[in-house]
Every structure is written in structure tokens, then in C-alpha cells.
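A.B. asks: A structural model of the following input is requested.
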Amino acid sequence: MLNFITRRLGQSAVLVLVMSALVFVGMYVISDPVAVLAGEDFTEADRQALAAELGVDRPLIVQYFNFLGNVIRGDFGSSFVYNRPVMDLILEKLPATLEVAFLAMFIGLVVGIPLGVYSGLNQKKPATKTISFATTVGYSIPNFWQGVLLIMLFAVWLQILPASGRGDTVEVFGVGWSMFSLNGLSHMILPALNLAIYTICLQARLARSGTQEVMYQDFMTFARAKGISRERIVRRHLVRNILIPIVTITGLQLGGLIAFATVTETVFSWPGIGKLLLDSIHNSDRPVVVAYLILITLMFVTINFIVDVTYALLDPRIRYT
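C.D. replies: The predicted structure is shown next:
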């Protein structure tokens with residue numbers, strides 16, 4: 001088991017290192033922070049002085065290794081645009097993204113799994129066809145288009161929910177959270193619902209396929225033959241078995257919601273890390289973009305590592321493969 005964990009840690013470290021190099025080189029190729037920050041009245045000497053101040057006048061390999069050395073010490077550098085430490089910016093925006101992502105995941109699980117189980121148990125009912133059609137449509141519609149439709153319906157036509165902004169926040173341990181105020185919660189509903197639609201559809205499809213597979217297993221047939229009630233079979237045997245793949249997908253999808261809420265945050269003007277990323281790309285703010293993508297890579301690597309180790313603990317065959 002120790003060898004398995006060591007091997008996975010080594011692979012994860014290599015992945016993060018390769019990802020950091022690709023992102024750093026990519027930002028160097030497509031962006032020029034001096035061109036973005038320099039004013040029209042800047043002379044060539046002013047531009048060179050600005051490049052030296054930002055540290056982009058040195059060879060790329062030197063810049064990259066300096067960056068790695070700083071990262072090892074926990075320093076991701078300072079933003080070119082905001083002139084603030086990158087980690088301060090990300091940690092300031094992170095709570096807004098986390099609360100929307102967790103609310104979206106909660107809605108997706110609470111709604112999606114029961115819909116999927118119902119569809120799997122009642123394959124011939126008209127409601128099942130309706131659920132199947134709705135999940136297919138929701139799974140296929142682009143995220144930004146869903147957001148526009150939600151704004152038109154709830155903010156423009158019905159005028160019951162705000163269309164943008166974060167609303168009032170309440171500080172808990174020095175961090176502002178929208179979920180603890182009614183005004184902030186009303187602002188969270190639309191962006192969370194926009195993220196949750198895809199989650200609902202995915203969880204419903206997973207739960208439905210899992211239900212259809214498990215219902216015809218021998219232990220389920222034996223349970224029905226013993227005369228156990230349908231409700232108890234579903235609760236005690238069916239749900240426990242279909243949750244194994246759902247838990248795996250849920251962990252990875254939660255990481256995806258946190259990392260790729262960029263479109264939703266832009267549509268609803270939600271001040272999270274996704275909107276910070278887009279603004280930083282637009283402004284060629286290289287330290288913010290590189291730090292963001294490296295942290296997201298670390299998050300996914302950590303989630304995958306936990307899943308791998310969990311599987312190895314549950315199934316000894318995996319650790320010896």
C-alpha cells in the first residue's frame with residue numbers, strides 16, 4: 001500500500017510540474033503585460049523599466065525557475081494589474097465561488113438522484129420519458145444560454161430574483177458569505193441553479209443507469225423473493241450500491257464546479273475566482289492566471305489521488321495492479 005501511495009504521489013508531482021510549465025510558457029507566448037500596462041506616452045526607456053520591474057525582461061527559463069522557487073516558498077507573486085499578492089486576490093474571491101458551487105452540488109444531488117432512481121424503477125411510465133427528455137435537453141444546452149434564459153424568466157419577466165451581483169454578505173471568521181443573509185441568498189439562487197442544471201441531469205442519468213443495472217442483480221432478486229418491501233429494498237440495498245460511482249463523479253464534478261464556474265460568474269456578474277480569471281486573461285495578468293491554473297490542477301490532482309487511494313483501500317486488487 002505504501003508503494004502504491006508513493007507512486008501516485010510521484011505521478012501527481014510530475015503532472016503539476018508539467019502543467020505549471022505549459023501554463024507559464026503559454027502565457028508568455030500569448031500575452032505581453034508591458035504592452036497592456038504601458039500608457040500611450042511611455043517611451044522605450046519607460047517600457048524597459050516597466051519590464052524590469054515586472055521581471056519579464058529576463059529569459060523565459062530564468063523567469064520560470066524563479067517562479068518555481070517562489071512557489072515552493074508559498075509566494076505566487078504579485079498581480080501586474082492590482083499590485084497585490086496573487087494569493088490574497090484568489091482567497092478574497094474564493095468564498096463567493098465556493099458557496100455557489102456547494103449550493104449547486106447540493107441541489108444537483110437532492111434533485112438528480114431521486115429523479116434517476118424513480119426513472120430506473122418505473123421505466124414504462126410517462127413521467128420517466130419526460131424526465132429522460134428533460135435531462136437530455138438540460139445536458140445539451142450551453143451553460144451561458146441557460147443563464148440568459150434564467151435571467152429572462154426570473155429577473156425580467158417574473159421579477160422575483162436579482163440578475164447580477166452578490167448582494168449583502170455576513171462576515172464569519174473574517175470572511176464575507178452571502179448565504180447567511182436573505183438578500184445574499186436571493187442573489188445566489190440563479191447562478192447556483194445555472195450550475196446545478198448540468199449536475200441534476202448528470203446525476204439523474206447516473207442514478208438511472210445504476211438502478212437499472214442493480215435491480216437485476218442476484219441479491220436484489222433474492223431480497224424480493226424473501227418478501228422484503230419495495231421501499232426497504234430501495235433504501236437498504238439499491239441506493240447503497242448505486243452510490244459508489246455517484247460519489248466518485250460527485251467529487252470530481254465538485255472540483256469542476258469550482259474550477260469552471262467562469263461562464264456562470266461572468267453571466268451573473270458574480271465576483272468569484274472564475275470572473276477574476278477572465279479579467280486577468282483579458283489584462284494579461286500572468287501571475288494571477290498561472291497561479292489560478294496551478295491551484296486548480298493541484299485541486300484535481302488531490303481529488304484524484306484521494307479517489308485512487310480510497311479505491312485501493314476498498315479493493316486490494318487495485319493496489320497490486
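A.B. asks: for the rest of this, base every contact and every neighbour count on C-alpha atoms.
C.D. replies: OK.
A.B. asks: shouldn't Ala207 be in contact with Ile113?
C.D. replies: Yes: assessed by C-alpha atoms under 8 Å, Ala207 is found in contact with Ile113 at 5.6 Å.
A.B. asks: longest helix of the chain?
C.D. replies: Criterion DSSP state H: the longest helix present in the chain is helix 86-121.
A.B. asks: and that helix, what does it pack onto?
C.D. replies: Under the contact criterion of 3 or more C-alpha pairs under 8 Å, 6 or more residues apart in numbering; DSSP states H and E, helix 86-121 touches helix 126-140, strand 175-177, helix 182-214, helix 239-259, helix 273-282, helix 286-314.
A.B. asks: adding distance to Asp75, write the ones you listed out as CSV.
C.D. replies: Putting these into CSV (distance: least, C-alpha to C-alpha, whole Å) gives the following:
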stretch, distance to Asp75
helix 126-140, 40
strand 175-177, 22
helix 182-214, 32
helix 239-259, 21
helix 273-282, 18
helix 286-314, 10
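A.B. asks: closest to Leu158 out of the ones you listed?
C.D. replies: Closest approach to Leu158 among these (C-alpha to C-alpha): helix 182-214, 13.1 Å.
A.B. asks: how big is the angle separating the helix or strand where Val18 lies from helix 286-314?
C.D. replies: Secondary-structure assignment from DSSP states H and E places Val18 in helix 2-30. Angle between the axes of helix 2-30 and helix 286-314 is 160 degrees (criterion: axes from the mean of the first three to the mean of the last three C-alpha atoms, to 10 degrees).
A.B. asks: read off the pLDDT value for Met188.
C.D. replies: pLDDT for Met188: 93.
A.B. asks: check Gly274 too.
C.D. replies: Predicted confidence (pLDDT) for Gly274: 86.
A.B. asks: could you pull up phi and psi at the nearest residue to it once chain neighbours are set aside?
C.D. replies: Spatial nearest neighbour of Gly274, excluding adjacent residues (C-alpha to C-alpha, 6 or more residues apart in numbering): Thr262 at 3.9 Å. Per-residue torsions, Thr262: phi -60, psi -50 (degrees, to the nearest 10).
A.B. asks: distance check, Thr262 against Leu277.
C.D. replies: Thr262 is 8 Å from Leu277, where distance means C-alpha to C-alpha, to the nearest Å.
A.B. asks: likewise for Glu44?
C.D. replies: Glu44 is 30 Å from Leu277, by C-alpha to C-alpha.
A.B. asks: would you mind telling me which of these two has the busier surroundings?
C.D. replies: Leu277 (20 against 9; other C-alpha atoms under 10 Å).
A.B. asks: list the contacts of the more buried one.
C.D. replies: Counting by C-alpha atoms under 8 Å, 6 or more residues apart in numbering, Leu277 touches 262, 288-289, 292.
A.B. asks: show me the shaky parts of this structure.
C.D. replies: Along the chain, the parts satisfying pLDDT under 70 run over 1, 4, 28-32, 36-37, 39, 308, 310-321.
A.B. asks: understood, closing this out.
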